[in-house]
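1. coordinates for the following, if possible.
(chains A and B)
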Protein chains: 2
Amino acid sequence: MFQADSRFMKAALVEAQKAYMIGEVPIGAVVVHNGLIVGRGHNLREHLNDGIAHAEVLAIEEACRALQSWRLVDCDLYVTIEPCLMCSGAIINSRIKNVCFGARDPKAGATRSLYTVLEDSRLNHQVHVVEGVLADQSSQIMKDFFKAARKKRKIKTGNS
Amino acid sequence: MFQADSRFMKAALVEAQKAYMIGEVPIGAVVVHNGLIVGRGHNLREHLNDGIAHAEVLAIEEACRALQSWRLVDCDLYVTIEPCLMCSGAIINSRIKNVCFGARDPKAGATRSLYTVLEDSRLNHQVHVVEGVLADQSSQIMKDFFKAARKKRKIKTGNS
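-> Okay, here's the model as predicted:
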């Protein structure tokens, strides 16, 4: 039975912090295999000019390179914020076994909020989902980011 | 109003043929901007050892590089087979305007078959969808591929 390990969520939070520091929406992810991190990623959409460059996708691609396989069958993915549709689909396509996420995303989350695609029995792979690990820290860094972004916009437009 | 252009679906079929020739599931895609193809892709999952390397993702990433933007707001995507969840999510995240696909995928299609996510008004972007353009050719190349793969497996295992 899968037991979420908060050390790995802390590593995902370190990734989110890296995104924060360079002005990207602060979401981080790691892929774990046999107790070791084999893939890390943080959102790089703006820096790579690529809407596909979400934390989960980059962590999965690094894990595929590390394990030299697209089938991440014995791997778990930890991500600070609930995966969107694209990332949930990438998790299914990569055959990830367990997903642990921190906070929900009510606007775009496809794992629990708007959809529950990881547990859809019609698809050829189902993923065990755990949520709420370090949820407060995961959502706090997002709140801080968007608060700072709003402040920056106000200063730019001269609004007090 | 979007008018699907079969010339672009033919270009997507050329991409599918490229995948077929190297033993990949034969799906192809192109991204079109102002009447020009700015991104092409065919499924490369096995060759790149990457479950994310679907035709649509690779075509979108090439288009992002060509246009130097992750926002493909005035772009259309043509793909031979109905996009899966991951690719439908990638289309939404990239702000593609119109999607035209050939044949449905009843097992994993997320645009019309299992889900209709491109038209989900809860998400922050909706995509206009057209289906059925060169559907027969798009599904025939898939049938040919899986028929040949089954034959190869039978020869390998010695079954007549």
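2. rest of the way, CA atoms for contacts and neighbours
-> OK.
3. got the residues of chain A near chain B?
-> A:45-46, A:49-52, A:57, A:61, A:64-65, A:68-71, A:84-90, A:93-94, A:107-108, A:122-123 (C-alpha under 8 Å from any C-alpha of the partner chain).
4. kindly supply the ChimeraX command isolating those of those that are buried.
-> Buried subset of the residues of chain A next to chain B, written as a ChimeraX selection, criterion 16 or more other C-alpha atoms under 10 Å in any protein chain shown:
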select /A:45,49,50,51,52,57,61,64,65,69,70,71,84,85,86,87,88,89,90,93,94,108
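5. now intersect the residues of chain A next to chain B with the helices, please.
-> Under the assignment DSSP state H, the residues of chain A next to chain B contribute A:45-46, A:57, A:61, A:64-65, A:85-90, A:93 to helices.
6. helix or strand for residue A:155, which one?
-> If you go by DSSP states H and E, residue A:155 is part of helix A:135-157.
7. report the distance from that helix to the chain centre.
-> 18 Å (C-alpha atoms, centre = their mean, to the nearest Å).
8. and it, what's its mean pLDDT?
-> Per-region confidence: helix A:135-157 scores 92 on mean pLDDT.
9. where are the low-confidence patches of chain A?
-> Within chain A, the ranges that satisfy pLDDT under 70 run A:159-160.
10. how far away is the most centrally placed residue in chain A from chain B?
-> Among the residues of chain A, residue A:79 comes closest to the average C-alpha position under C-alpha atoms, centre = their mean, at 3.5 Å. Here the criterion is C-alpha to the nearest C-alpha, to the nearest Å. By it, residue A:79 lies 17 Å from chain B.
11. with adjacent residues omitted, what lies nearest to that residue?
-> With C-alpha to C-alpha, 6 or more residues apart in numbering or on different chains as the measure, residue A:29 is the residue that lies nearest to residue A:79, at 4.2 Å, once sequence neighbours are left out.
12. pull the number of nearby residues for the one you found.
-> 33 (other C-alpha atoms under 10 Å in any protein chain shown).
13. over to residue A:6?
-> Using other C-alpha under 10 Å as the criterion, residue A:6 is surrounded by 14 other residues.
14. from memory it sits against residue A:135, does it?
-> No - counting by C-alpha atoms under 8 Å, residue A:6 does not reach residue A:135; the two are 10.7 Å apart.
15. assign a three-state SS to residue A:32, would you?
-> Secondary structure of residue A:32, reduced to three states by DSSP: H, G, I helix; E, B strand; the rest coil: strand.
16. and residue A:20, what is it in contact with?
-> The contact partners of residue A:20, taken as C-alpha atoms under 8 Å, 6 or more residues apart in numbering or on different chains, are A:26, A:141, A:145.
17. the first one and residue A:41 touch, don't they?
-> The one in question is residue A:26. No - Residue A:26 is not in contact with residue A:41 according to C-alpha under 8 Å; the separation is 10.9 Å.
18. overlap in contacts, those two.
-> Listed contacts common to residue A:26 and residue A:41 are residue A:15; contacts here mean C-alpha under 8 Å, 6+ apart.
19. ok, residue A:112 - contacts?
-> By C-alpha under 8 Å, 6+ apart, the contact list for residue A:112 reads A:82, A:104.
20. actually, residue A:89.
-> Taking C-alpha under 8 Å, 6+ apart, we find residue A:89 in contact with A:117, A:118, B:84, B:85, B:86, B:87, B:89.
21. next one: residue A:88
-> By C-alpha under 8 Å, 6+ apart, the contact list for residue A:88 reads A:110, A:111, A:117, A:118, B:85, B:86.
22. same check, this time on residue A:102
-> Residue A:102 neighbours (C-alpha under 8 Å, 6+ apart): A:9, A:79-82, A:131-136, A:138-139.
23. give me the element it is part of.
-> Assigning secondary structure by DSSP H and E places residue A:102 in strand A:98-103.
24. helix or strand right after that strand?
-> Scanning forward in sequence from strand A:98-103 by DSSP H and E, the next helix or strand is strand A:128-131.
25. strand partners (parallel or antiparallel) of that next one?
-> The strands beside strand A:128-131 in its sheet (DSSP bridges) come out as strand A:98-103 (parallel).
26. now the strand it pairs with, how far from the chain's geometric center?
-> When distances are taken as C-alpha atoms, centre = their mean, strand A:98-103 is centred 8 Å away from the chain's centroid.
27. restricting to C-alpha, output it in CSV.
-> These are the backbone C-alpha positions of strand A:98-103, laid out as CSV (Å, rounded to 0.1, in the frame of the first residue of the first chain):
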residue,chain,number,x,y,z
ASN,A,98,0.8,6.7,-7.3
VAL,A,99,0.2,10.5,-7.3
CYS,A,100,0.5,12.6,-4.2
PHE,A,101,-0.5,16.3,-4.5
GLY,A,102,-0.5,19.1,-2.0
ALA,A,103,-3.4,21.6,-2.6
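28. relative to helix A:85-93, how tilted is that strand?
-> Strand A:98-103 and helix A:85-93 meet at an angle of 160 degrees, taking axes from the mean of the first three to the mean of the last three C-alpha atoms, to 10 degrees as the criterion.
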